[in-house]
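Visitor: Sharing a sequence plus its predicted fold:
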Amino acid sequence: MQAENKVAQAYDKLLARVKEICLKSRKDFSKVNILVVTKYATKEQILQLLSQRQVFAVGQSQLKDTLEKFSNSELKNFKVKKFFIGHLQTNKAAKVLENFDLICSLDSLHLAEVLNKQAQKQNKKACCLLQIKLTNRQTQGGLEISQVADFIKQVKTLCPYIELKGLMAIAPQGREEQIRAAFKKAKKVFDCYFKQEDYLSLGMSGDFEIALEEGSNLIRIGSAVFD
């Protein structure tokens, strides 16, 4: 029998903590998904995880890195979903669409139009999460909450090959109460424009517990698994 490796053990520990939070906050654990962020993981670490655990999806933010890692002969055998979690440059839209199942960072109408055009060429839907801003930092990507309603209308009208599957946001830096308030705000936006079976992607390794308590059903975890 294959011995448990460090990465698999860390993943099990994470799962146990997620179950504990769900039980405590009366959430349905079966509806929570873990996006394992592999952008800083080595090929060996990814292989250690995928060979011993069933993983919902992996998250990458760089096209070149993704192609290099997952062209590995051993990793090719694992049919795991790939979610693009970084800022997407329009000149890479076609290749990202070819190689990823979901784009988590749709944040402009221009990008939506480019993806729509490429999706039509590839005869597929471009499944995307709408990224919103929860902070005033200029380096933070995403739409302002005040722009969401108009943006969704425009996408539905102008981009028939775009399928909006939910919402993604990154927490502001700050105290727990500030993070919790920001996540509550994101949950309100989600409830207004999306179905409960869609993805509300809030929370990373440092704040996923708060995110789960506030309604996230897709947490993005890297360092808690691979460090």
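Guide: Structure received.
Visitor: Go ahead and name everything in contact with stretch 154-167.
Guide: Identification of contacts with stretch 154-167 by Cβ atoms under 8 Å, 6 or more residues apart in numbering yields 102, 106, 109, 112-113, 115-117, 119-120, 124-132, 152, 186, 189-190, 193-194, 198-201, 218. For every residue, glycine as well, the C-beta is placed using N, CA and C.
Visitor: show me where pLDDT drops low in this protein?
Guide: Within the chain, the set of residues satisfying pLDDT under 70 comprises 1-4, 138.
Visitor: where along it do the helices fall?
Guide: Secondary structure of the chain (DSSP state H): helices located at 6-24, 43-50, 63-70, 93-99, 109-122, 148-158, 176-193, 208-213, 223-226.
Visitor: If I take the longest one and helix 43-50, what angle do their directions form?
Guide: Right, helix 6-24. Helix 6-24 runs at 50 degrees relative to helix 43-50, counting by axes from the mean of the first three to the mean of the last three Cα atoms, to 10 degrees.
Visitor: Name the residues of helix 6-24 that are buried.
Guide: For helix 6-24, burial by neighbour count (16 or more other Cβ atoms under 10 Å) applies to 7-8, 10-11, 14, 18, 21-22.
Visitor: Neighbours of Lys124, how many?
Guide: 13 (other Cβ atoms under 10 Å).
Visitor: show me the contacts for Ile132.
Guide: Counted by Cβ under 8 Å, 6+ apart, Ile132 has contacts 142-145, 148, 167-169, 186, 189.
Visitor: one step back: the helices of the chain: which one's closest to Phe78?
Guide: helix 43-50 (4.4 Å; Cβ to Cβ).
Visitor: The closest one vs helix 63-70, what angle?
Guide: Going by the same axes, to 10 degrees, helix 43-50 makes 70 degrees with helix 63-70.
Visitor: Pull the residues that contact helix 43-50.
Guide: Contacts for helix 43-50 (Cβ under 8 Å, 6+ apart): 5-8, 11, 36, 38, 41, 55, 58, 69, 72, 74-75, 78, 80, 225-226.
Visitor: could you redo the last one with a cut-off of 10 Å?
Guide: 4-8, 10-11, 36, 38, 41-42, 55, 58, 68-72, 74-75, 77-80, 225-226 (Cβ atoms under 10 Å, 6 or more residues apart in numbering).
Visitor: I'd like the helices of the chain laid out as a markdown table, including distance to Ser30.
Guide: As requested, these are arranged in a markdown table below (distance: least, Cβ to Cβ, whole Å):
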| stretch | distance to Ser30 |
| --- | --- |
| helix 6-24 | 9 |
| helix 43-50 | 21 |
| helix 63-70 | 28 |
| helix 93-99 | 29 |
| helix 109-122 | 30 |
| helix 148-158 | 28 |
| helix 176-193 | 19 |
| helix 208-213 | 13 |
| helix 223-226 | 20 |
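Visitor: which of these is buried the deepest?
Guide: Mean neighbour count (mean count of other Cβ atoms under 10 Å) peaks for helix 208-213 among the helices of the chain, with a mean of 21.
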